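Chemist: From the sequence below, what's the structure:
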Amino acid sequence: LDDIAKEYDSLETAYADMKENYQNSLDDKIRHERDNEALKNDLLEGKIRYERDSEALKNDLDDIAKEYDSLETAYADMKENYQNSLDDKIRHERDNEALKNDLLEGKIRYERDSEALKNDLDDIAKE
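Modeler: Purely as a prediction, here's the structure:
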């Protein structure tokens, strides 16, 4: 009977251990399920943030591209205006040089013609 009692105690202890292990396993399973659910929620929130941030970045990049195009167009216009100004300056300098030459030629003709008229008047006065 002592042997049977010891065997019974041993079986009872083993059963209690198995029952405790089973309860611990159930508790672990519940914790894992909660953790998995929390991870799923975190992943979903991360995905939503990623999509929202990606859209915002795409919009920012579109705005930057538009601004770049605008600046590039403005730069091209400024460059063209600068070249036109340089061309105008060169034309004005040529025109001024031509006017100076015309003025100088006119002055020379005036002096020559004045000298000729003076000589003609002198010749008439002598006659």
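
Chemist: Now Glu20. Its backbone dihedrals?
Modeler: With angles defined as degrees, to the nearest 10, Glu20 sits at phi -70, psi -40.

Chemist: Could you tell me how many residues sit around it?
Modeler: Neighbourhood size, Glu20 [other CB atoms under 10 Å]: 10. The way it works is simple: take the backbone N, C-alpha and C, and place the C-beta from them, glycine included.

Chemist: how far away is it from Leu71?
Modeler: According to CB to CB, to the nearest Å, Glu20 stands 73 Å off from Leu71.

Chemist: same check, this time on Arg91
Modeler: Counting by CB to CB - Arg91 and Leu71 are separated by 30 Å.

Chemist: what pLDDT does the residue most central in space within the chain get?
Modeler: Centroid-nearest residue in the chain: Ile64, 3.7 Å away (criterion: CA atoms, centre = their mean). Looking at Ile64, its pLDDT is 97.

Chemist: same deal with Leu1?
Modeler: Per-residue pLDDT puts Leu1 at 86.

Chemist: okay, now it: neighbour count?
Modeler: Neighbour count of Leu1, defined by other CB under 10 Å: 5.
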